[in-house]
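1. turn this into a structure:
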Amino acid sequence: MSLVAGTICGCAAWRSREPRVQNPVVEHYNQVAERIAYPSADSQPVAVPPNLGQTRPLVEPKPEERRPISLAEAVQLGLRNNALVRQDAQFLSRGNPLLVNPDAVPSIFDTEIQDNGVLFGSRGIHAALSDFDPRLTTSTQWGRDENVQNNRILSGGLPALGVLVDENAQYQSRLEQQLFTGGTFSVNHNWNYSSNNQSARQFPSAYTGVLGAEFRQPIWAGGGREFTSIAGPSSQRARGFSYVNQGVVIAKINTRISEIDFQENVQNLVREIGNLYWDLYQSWQEYEAEKSTATASRQLWDEVKAKFQAQIAGGADEAQAEDTYYEAVSRQDLTLSTFLQTEARLRRLLGLPVSDGLVLFPNDPPIEAEIVPDRAGCLFEAYVNRLELRRQKSNIQSLELQLTAARNLAHPRLDFVSGYQLNGFGDHLVANGTGEPFNSAYGSILRGRETSWNLGFEYSISLWQRAERAQVRQMEMRLVKARVTLATQEDEIAHELNAVLQSMQRWLRSARNNKQRHLAAKRRVEAASAEYHIAGRTGVDPVLRAEISQTQAQVAYHRSIAEYNKSLRELLYRTGRLLSEDGIELLRADGQPLMTPTPLPKPSDPGLQKTPANVATIKDSAFDGPAFDQAIPPSPVDPAIPPAPFDEVIPPIDEVIPPAPFHEALLPVPID
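-> Sure thing, here's the model as predicted:
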């Protein structure tokens, strides 16, 4: 630290010895550049979310003062109170994007920002459509020129050393319309005014002008409605640089990808809220279990201490009982701290105040029934609904269109050009009533006697076509990579589903075993207490060990149940049905659905073995019938019979859904 501080001070001292620029103009801009603009205290952003900026004094929460909350209410609060999508893993991290790079944090504004993007490579629909807006250009200039003439013959009748006074004005206007076919149509109207003191002129002042129209249409490279909708008008390309992703269709695909990203961020938020909700349930159950153990340990310590004072029990038993009690109190405090920390993390994701005097308490009962998923249906729904696959298919569609435009640009440039104009001349711009010929310049144009026209073709080609061929090759390789990526993503999703289904089975078996363990531990406590209190044949050590084992079994059971419920929501997440199952529908500003779900085929469709909608059934419930303390036969597990591999249970994808071209699996992109 001393070395760093010394280095900084040395740099500051070196900079202070630099000579200051004395030029007052430069000095002014130096002061402006060094000035720091601090926001005022009353400055507010354009739109403030309703709960933003509401601070309350920090209050130590008490677990007795609860606020029951359901999972549905928690999800609703999280979606309502978060304009910026927070992530649980970012909390307390050193590089929290919300504090370090807030522009990169996903928000509800991202889709609108993308839709109105104007930068190259990320243009929105409005910027792409602006290429076809009519463009009006107009300019007017006046001038006066005085020159001494040294030649009487060339001076236009002025005497020698006379002064030629020339006044002039120019007016130019052009209205240009970009066509969806790639061509341009324009109307131009120009006037030139000239006035001088030369006696050789017929009119001392005169107006000359044109009123004409021009039309240019690419008929080979860069032409056509398809190319223009993909790459944008070829007339607006930078010289020596071609691009194929600036059209309206690509902008709409980019908007769709932005909507998919936003939906994915919302889905991740809902997923994390559900995980924290069941973590909160688990930590509360652990706290209750440790609290009961601490109460029982205190009672046992008081009893052993009374016996020790009456010289019935030994000092070792009394010390062991005291040690066990304080250990239980320590575990109780630790689980309470874990519960409050989990509750604070859930509050953060829900957008609630830091403290309001109440503790969030999960009141939804966990699912304890055995859920038997339809593996083929789960895989099918994942292939249809997963947002990652939708994004990749949209990317493939964009690359296919860009490849088409790149191949179009590899052709020579051949344009059809044409123009027609009316020429005008007159002493005055408009008639002054004398009736002389060429008295009115506008009258001369409107008579249409003096005209001009042109018609032809322009051809240009890069002799070696290196840049154009390189662009085509690059787009081909990017498209191949995107298609391979899609196939790899589908394989990755199959592995994810396999892991989730295995996790569900593992935690369900763990819950059953831990319940049996808890029942056995409870009988152990009863037997050890009977031997200690009634028979007096043993010391206090077996009772203390039995109570600890009972608490551990109860904690393990609730942890298994919480993880089982988290794995059920993870299955919904991995199949892309989490938002729909929670009743969440994202809408655009106009009230239309943000994402139109792809309809599932009917069971009678060819190639479909099972109904994808019935992705899971409730086989039975091992926890609904008997009470928690009643015996349940354990599930038979034969280690000699390994579980069936995932690939043997789920048929290949070609058997689940018939293959279709990429463009048939994508949503259509209309062209306005």
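2. strands of this protein, start to end?
-> 66-69, 135-148, 163-178, 184-196, 205-218, 359-362, 369-373, 413-426, 451-460, 616-621 (DSSP state E).
3. point out the most buried one among these.
-> Per-stretch averages of neighbours, counted by mean count of other C-beta atoms under 10 Å, single out strand 359-362 among these, with a mean of 22. (Glycine included, C-beta is placed from N, CA and C.)
4. hang on, isn't residue 361 packed against residue 287?
-> No. Using C-beta atoms under 8 Å as the test, residue 361 is too far from residue 287 to be in contact (11.2 Å).
5. any chance of the strands of the chain in a markdown table, with mean pLDDT and distance to residue 491 too?
-> Formatted as a markdown table, the strands of the chain follow (pLDDT from 0 to 100; distance: least, C-beta to C-beta, whole Å):
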| stretch | mean pLDDT | distance to residue 491 |
| --- | --- | --- |
| strand 66-69 | 90 | 39 |
| strand 135-148 | 90 | 50 |
| strand 163-178 | 90 | 45 |
| strand 184-196 | 92 | 49 |
| strand 205-218 | 92 | 44 |
| strand 359-362 | 92 | 37 |
| strand 369-373 | 88 | 19 |
| strand 413-426 | 92 | 44 |
| strand 451-460 | 94 | 47 |
| strand 616-621 | 50 | 23 |
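6. and these as JSON lines, adding distance to residue 127?
-> Formatted as JSON lines, the strands of the chain follow (distance: least, C-beta to C-beta, whole Å):
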{"stretch": "strand 66-69", "distance to residue 127": "44"}
{"stretch": "strand 135-148", "distance to residue 127": "15"}
{"stretch": "strand 163-178", "distance to residue 127": "14"}
{"stretch": "strand 184-196", "distance to residue 127": "19"}
{"stretch": "strand 205-218", "distance to residue 127": "22"}
{"stretch": "strand 359-362", "distance to residue 127": "45"}
{"stretch": "strand 369-373", "distance to residue 127": "46"}
{"stretch": "strand 413-426", "distance to residue 127": "25"}
{"stretch": "strand 451-460", "distance to residue 127": "28"}
{"stretch": "strand 616-621", "distance to residue 127": "45"}
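7. quick one: low-confidence ranges for this protein?
-> Where the chain drops to pLDDT under 70, the residues are 1-61, 152-157, 199-201, 236-242, 433-435, 535-538, 589-591, 595-672.
8. longest helix anywhere in it?
-> For the chain, the helix with the greatest residue count under DSSP state H is helix 466-530.
9. quick one: distance of it to the chain centre.
-> Relative to the centre of its chain, helix 466-530 is centred 23 Å away, using C-alpha atoms, centre = their mean, to the nearest Å.
10. stretch 180-189 now?
-> In terms of C-alpha atoms, centre = their mean, the centre of stretch 180-189 is set 38 Å apart from its chain centre.
11. contacts for that stretch?
-> 132, 172-179, 209-218, 222-225, 227-229, 233-235, 421 (C-beta atoms under 8 Å, 6 or more residues apart in numbering).
12. now swap in stretch 256-268 and tell me
-> Contacts for stretch 256-268 (C-beta under 8 Å, 6+ apart): 79, 85, 87, 106, 108, 110-111, 114-115, 387-388, 390-391, 394-395, 573, 578-579, 584, 586, 594-595, 667, 669.
13. in this structure residue 584 contacts residue 273, no?
-> No. Applying C-beta under 8 Å, one finds residue 584 not in contact with residue 273, separated by 11.3 Å.
14. the more surrounded of these two?
-> Between residue 584 and residue 273, counted using other C-beta atoms under 10 Å, the more crowded position is residue 273 (23 against 15).
15. correct me, but that one touches residue 350?
-> Yes. Counting by C-beta under 8 Å, residue 273 does reach residue 350; the two are 7.0 Å apart.
16. any shared contact partners between these two?
-> 74, 78.
17. in stretch 120-131, which residues are buried?
-> Of the residues in stretch 120-131, 123-125, 127-128, 131 count as buried by neighbour count, 16 or more other C-beta atoms under 10 Å.
18. start to end distance for it?
-> Distance across stretch 120-131, first residue to last, is 13 Å (C-alpha to C-alpha, to the nearest Å).
19. quick one: contacts for residue 283?
-> Per C-beta under 8 Å, 6+ apart, neighbours of residue 283: 335, 338-339, 342.
20. measure the nearest residue to it once chain neighbours are set aside to residue 352 for me?
-> Spatially, and ignoring its direct neighbours in sequence, residue 283 is nearest to residue 339 (4.1 Å; C-beta to C-beta, 6 or more residues apart in numbering). Distance, residue 339 to residue 352, using C-beta to C-beta, to the nearest Å: 16 Å.
21. likewise residue 125?
-> Distance from residue 125 to residue 352, by C-beta to C-beta: 37 Å.
22. I'd like the distance between residue 489 and residue 211.
-> Distance from residue 489 to residue 211, by C-beta to C-beta: 60 Å.
23. if we can go back for a sec, please say which of residue 339 and residue 352 ends up with more neighbours.
-> The residue with more neighbours, out of residue 339 and residue 352, is residue 339; 24 against 20, by other C-beta under 10 Å.
24. hmm, the more buried one is touching residue 284, no?
-> Yes. Using C-beta under 8 Å, residue 339 is in contact with residue 284, at 5.5 Å.
25. so what's residue 517 up against?
-> Residue 517 touches 553, 556-557, counting by C-beta under 8 Å, 6+ apart.
26. could you rerun that using 6 Å?
-> residue 553 (C-beta atoms under 6 Å, 6 or more residues apart in numbering).
27. roughly how far does it sit from residue 274?
-> According to C-beta to C-beta, residue 517 stands 27 Å off from residue 274.
28. got it, and residue 512?
-> In terms of C-beta to C-beta, residue 512 sits 23 Å off from residue 274.
29. more crowded one of those two?
-> Using other C-beta under 10 Å as the criterion, residue 512 and residue 274 rank with residue 274 on top: 23 against 20.
30. look at residue 330 and say how many residues are nearby.
-> Residues contacting residue 330 under the criterion other C-beta under 10 Å number 12.
31. what separates it from residue 343, distance-wise?
-> As judged by C-beta to C-beta, residue 330 and residue 343 stand 20 Å apart.
32. got it, and residue 222?
-> Noted for residue 222: a distance of 62 Å to residue 343, by C-beta to C-beta.
33. how about residue 528?
-> Taken as C-beta to C-beta, the span from residue 528 to residue 343 is 36 Å.
34. what do you get for residue 148?
-> For residue 148 relative to residue 343 (C-beta to C-beta), the value is 94 Å.
35. neighbours of the closest residue to residue 308 other than its chain neighbours, just the number please.
-> Nearest non-adjacent residue to residue 308, counting by C-beta to C-beta, 6+ apart: residue 318, 4.1 Å away. The number of residues packed near residue 318 is 18, by other C-beta under 10 Å.
36. correct me if wrong: the residue nearest to residue 283 contacts residue 287.
-> Yes. Here residue 339 lies in contact with residue 287, judged by C-beta atoms under 6 Å, at a distance of 5.0 Å.
37. spit out the residues that contact the two alike.
-> Between them, residue 339 and residue 287 share no contacting residue, judged by C-beta under 6 Å, 6+ apart.
38. sweet, I'm off.
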